[in-house]
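Visitor: Quick one: sequence plus predicted model below, questions after.
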Amino acid sequence: MDGKSKIIIHRIIYILIIFPVVVTVSLLPFIGSKVPLHYDALGNINRWGSKYELLLFPIVIIAFGYFIRTMINLSYRYLGKTKAEKILLTIIITISVLAIILVDYNCLRFLYKVFSMGN
């Protein structure tokens, strides 16, 4: 992959990392002081906590995103010389971006559940 596509991939990853942080911080003033933080298998709330504990999700996403970014950089360094390696590199990048999207989705789904529930 050339340098331009590498820059685009990194920008996509940065956007996916920053988006949940922006959403969480912007919704925090509108959420009650106590929020449900854990549900059992039937969907019943079994743990309440401070709304500031919701900031743990974006921190985990940032750490996970930088880990994925590092793995992609290592893949760029060691793969991409042959056609098979380029295909493998494309698969690695696609799976990495999809993993970040999945984590973002879970964070936003939880925030929606908390925000719509109120206190």
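Guide: Great, that's in hand. From a predicted model like this one, the values you see are computed outputs, not experimental measurements.
Visitor: Name the residues of whichever helix in the chain runs longest that come out as buried.
Guide: Counting residues, the longest helix found in the chain (DSSP state H) is helix 83-117. Using 16 or more other C-beta atoms under 10 Å as the test for burial, helix 83-117 gives 89, 92-93, 96-97, 100, 103-104, 107-108, 110-111, 114-115. Just so you know, the C-beta spots here come from the backbone N, C-alpha and C atoms, and that holds for glycine as well.
Visitor: Show me which of those is closest to residue 45.
Guide: Nearest to residue 45 among those is residue 114, at 10.4 Å by C-beta to C-beta.
Visitor: Which pLDDT does the model give the residue of the chain positioned farthest from its centre?
Guide: Here the chain reaches farthest from its C-alpha mean at residue 82, the gap being 31.0 Å by C-alpha atoms, centre = their mean. At residue 82, the pLDDT value in this model is 80.
Visitor: Please apply the same query to residue 42.
Guide: Reported pLDDT for residue 42: 80.
Visitor: With residue 102 instead?
Guide: For residue 102, pLDDT reads 83.
Visitor: Ok, residue 119 next?
Guide: At residue 119, pLDDT is 49.
Visitor: Residue 59 too?
Guide: In this model, residue 59 carries a pLDDT of 88.
Visitor: Please export the C-alpha coordinates of the helix or strand it falls within as CSV.
Guide: Secondary structure from DSSP states H and E places residue 59 in helix 56-78. The C-alpha coordinates for helix 56-78 follow below in CSV (Å, rounded to 0.1, in the frame of the first residue of the first chain):
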residue,chain,number,x,y,z
LEU,A,56,-14.1,4.4,31.0
PHE,A,57,-15.6,3.3,27.7
PRO,A,58,-13.9,6.0,25.6
ILE,A,59,-10.6,5.4,27.5
VAL,A,60,-10.7,1.7,26.6
ILE,A,61,-11.6,2.6,23.0
ILE,A,62,-8.6,4.9,22.8
ALA,A,63,-6.3,2.2,24.1
PHE,A,64,-7.8,-0.4,21.8
GLY,A,65,-7.5,2.0,18.8
TYR,A,66,-3.9,2.7,19.4
PHE,A,67,-3.2,-1.0,19.8
ILE,A,68,-4.9,-1.6,16.5
ARG,A,69,-3.0,1.3,14.9
THR,A,70,0.3,-0.2,16.1
MET,A,71,-0.6,-3.6,14.7
ILE,A,72,-1.4,-2.0,11.4
ASN,A,73,1.9,-0.2,11.4
LEU,A,74,3.8,-3.4,12.1
SER,A,75,1.8,-5.1,9.2
TYR,A,76,2.9,-2.3,6.9
ARG,A,77,6.5,-2.8,7.9
TYR,A,78,6.6,-6.5,7.4
